[in-house]
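Student: This is the structure alone, sequence omitted:
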């Protein structure tokens, strides 16, 4: 298990409204809800460095059992509403293509982490109110990039965008670390592959596939120019491709793993620099940054003239200079994908005219991965996650 400290990037969005597909048989859509991350909020009020120091001892503790994901949920931004039980109870959960388990907070947990803090008060699943609830009684433990939880496994009806499955296995958290306290997270909807799931619980998407027109889902992540809480942040389309918010041309590449949404990166470049080294990469809606090898991140920083801010743990450039910076270019399946500076240079309120560069380095990620293409990439390109054919496609997002 490798711990990745992701940086929250606010969604930079044009004011164009989200376009919805006409409801087709077997094609369903639900809106994603945008929330500024914990890091974004604390940076703006000047307390992120203090929080980071208080968490440091926990961030680098590694537990072997139940390891699930490489992401930092302190930076979660895109949530979806899911219904559970009979009658249905509704919760806000992360749509996460970087993990495979689905979990909610159990009503028996009364800690601050489970209840939530400040503006974020958590809904908790009331199992006694669901006539279809089944308690398996099996304990489960999960350790994320930052944050952990323990609880038990259960089965109940899940409903997502009007699509239901009657016997969905999921975890109920009875203990949670404080990392979840100051976030809107009431659970996580893992969208990666079954082989990654702790205790071999079948992910919801695999159970819902038979109800869909096609065995695919599309993630469109909208951008926002300012901090907003609870605003529409995009669309998740089940059973089809979102042709209203994504370009009609979709370029696919075969997956190289049956765990993550992992594939081969042919090369990358920025400015006059280019690398043709083939590396492994994953597409992850649950992490905000472009995360890569330290040598690559250093090259990006050098090219854009970034300076490392040790206090806040981020790379920075002058906001006024961002428009003249080159795009970061990733080559996938022979196609070049440009990530412009409007996506990778973000004003998080550091002050002094400084903006944050949404890059972070980490080496030896495990699972042979060298890069994680997080929200920074996936706001520029819609992700078409083809479960049936074991491939992933990208199409230019209309933002």
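Tutor: Everything's here; your move. Quick caveat, the model's predicted, so the values are computed rather than measured.
Student: Just to be sure, residue 142 is in a strand?
Tutor: Yes. If the criterion is DSSP: H, G, I helix; E, B strand; the rest coil, then residue 142 is within a strand.
Student: quick one: it from residue 272, how far?
Tutor: 44 Å (C-beta to C-beta, to the nearest Å). C-beta here means a position set from N, CA and C on the backbone, and glycine is covered the same way.
Student: Between those two, which has more neighbouring residues?
Tutor: Taking other C-beta atoms under 10 Å, residue 142 and residue 272 do not tie; residue 142 has more neighbours (24 against 7).
Student: is the more buried one in a bridge, and if so with what?
Tutor: residue 149 (DSSP bridges).
Student: Got the confidence number for it?
Tutor: At residue 142, the model reports a pLDDT of 93.
Student: cool, and residue 185?
Tutor: 89.
Student: That one falls within a strand, correct?
Tutor: No. Read with three-state DSSP, residue 185 is coil and lies in no strand.
Student: Number of residues surrounding it?
Tutor: Residue 185 has 25 nearby residues by other C-beta under 10 Å.
Student: Now do the phi/psi pair for it.
Tutor: When quoted as degrees, to the nearest 10, the phi and psi of residue 185 stand at phi -70, psi 120.
Student: Could you pull up phi and psi at residue 238?
Tutor: The phi/psi pair for residue 238 (degrees, to the nearest 10) is phi -100, psi 130.
Student: Could you pull up the residues touching it?
Tutor: Going by C-beta atoms under 8 Å, 6 or more residues apart in numbering, residue 238 touches 27-30, 160-161, 163, 208, 212, 217.
Student: Go again with 6 Å.
Tutor: Residue 238 makes contact with 28, 161, 212, 217 under the criterion C-beta atoms under 6 Å, 6 or more residues apart in numbering.
Student: ok, the residues you listed vs residue 313, which is closest?
Tutor: The closest of the contacts of residue 238 to residue 313 turns out to be residue 217 (C-beta to C-beta; 33.1 Å).
Student: Is it correct that that closest one falls within a helix?
Tutor: No. Counting by three-state DSSP, residue 217 falls outside a helix, being strand.
Student: separation between the residue nearest the centre of the chain and residue 110?
Tutor: With distances taken as C-alpha atoms, centre = their mean, residue 286 lies nearest the centre of the chain, 1.2 Å away. As judged by C-beta to C-beta, residue 286 and residue 110 stand 27 Å apart.
Student: do residue 249 as well
Tutor: 51 Å.
Student: In contact with residue 174, which residues?
Tutor: So residue 174 contacts 106, 108-109, 151 (C-beta under 6 Å, 6+ apart).
Student: switch the cut-off to 10 Å
Tutor: By C-beta atoms under 10 Å, 6 or more residues apart in numbering, the residues touching residue 174 are 105-111, 114, 139-140, 149-152.
Student: just residue 355 next, same as before
Tutor: Counting by C-beta under 10 Å, 6+ apart, residue 355 has contacts 306, 314-322, 341, 344-349.
Student: Identify the bridge partners of residue 274.
Tutor: residue 269.
Student: show me where the stretch 101-250 of the chain has helices.
Tutor: Assigned by DSSP state H, counting those that start in this stretch, the helices in the stretch 101-250 of the chain fall at 112-115, 204-208.
Student: Make a markdown table from those and add mean pLDDT to it.
Tutor: Converted to a markdown table, the helices of the stretch 101-250 of the chain look like this (pLDDT from 0 to 100):
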| stretch | mean pLDDT |
| --- | --- |
| helix 112-115 | 96 |
| helix 204-208 | 95 |
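Student: most tightly surrounded among the ones you listed?
Tutor: Comparing these by mean neighbour count (mean count of other C-beta atoms under 10 Å), helix 204-208 ranks first with a mean of 21.
Student: Against which helices or strands is it packed?
Tutor: strand 102-105, strand 148-160, strand 163-176, strand 187-190, strand 216-221 (3 or more C-beta pairs under 10 Å, 6 or more residues apart in numbering; DSSP states H and E).
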